[in-house]
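Visitor: Sequence and predicted structure, then a few things I'm wondering about:
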Amino acid sequence: MKRGRIRLSAGLRAIIMVALISGLAISGERLTITGTVNEDYEIVADDGDTYEVKSDEMGDEVVELMGKRVRVTGVVEEMGDFKMITITSYEVIGE
């Protein structure tokens, strides 16, 4: 009887851990935004939302386009009061 409870408890813990890890992996939302790159390494979208650009190879390319309008696709994660976008593709609009 006691062994059964221990196995059940261990099984439930394993299921919960897998669910939590899976949730973290898919917590970001993939979307496309259009806006202007500002001097604070952010994109101000046409709807007024501001997205901090994650510093990686593609993100560093985009922030060099300061003052230009871009269309970016990426994964957005909300981190407290701000949104961070990990850019997967981009294009400059109307140079």
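Guide: Yes, it's here.
Visitor: With just CA atoms, put stretch 40-50 into CSV.
Guide: What follows is stretch 40-50, C-alpha atoms only, in CSV (Å, rounded to 0.1, in the frame of the first residue of the first chain):
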residue,chain,number,x,y,z
ASP,A,40,16.5,52.5,-27.4
TYR,A,41,16.9,49.2,-29.4
GLU,A,42,13.1,48.9,-29.6
ILE,A,43,10.5,48.7,-32.3
VAL,A,44,7.5,51.0,-31.9
ALA,A,45,4.7,49.2,-33.7
ASP,A,46,2.1,51.0,-35.7
ASP,A,47,-0.5,50.3,-33.0
GLY,A,48,1.7,52.0,-30.4
ASP,A,49,3.0,48.9,-28.6
THR,A,50,6.7,48.9,-28.0
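Visitor: List of residues touching it?
Guide: 33-38, 51-53, 55, 62-63, 70, 72, 82-83, 85 (C-beta atoms under 8 Å, 6 or more residues apart in numbering). For the C-beta atoms, the positions are set from N, CA and C on the backbone; glycine is no exception.
Visitor: and what of stretch 53-63?
Guide: 37, 41-43, 70, 72, 84-90.
Visitor: All the helices of this protein, in order from the start?
Guide: 2-25, 57-63 (DSSP state H).
Visitor: Which of those comes out lowest on mean pLDDT?
Guide: Among those, helix 2-25 has the lowest mean pLDDT, at a mean of 61.
Visitor: my read: Met66 touches Glu39, true?
Guide: Yes: at 5.8 Å, Met66 and Glu39 qualify as touching, with contact defined as C-beta atoms under 8 Å.
Visitor: Of the contacts of stretch 40-50, select the buried ones using a ChimeraX command.
Guide: Applying 16 or more other C-beta atoms under 10 Å to those, the buried members can be selected in ChimeraX as follows:
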select :33,35,36,37,51,52,53,62,63,70,72,83,85
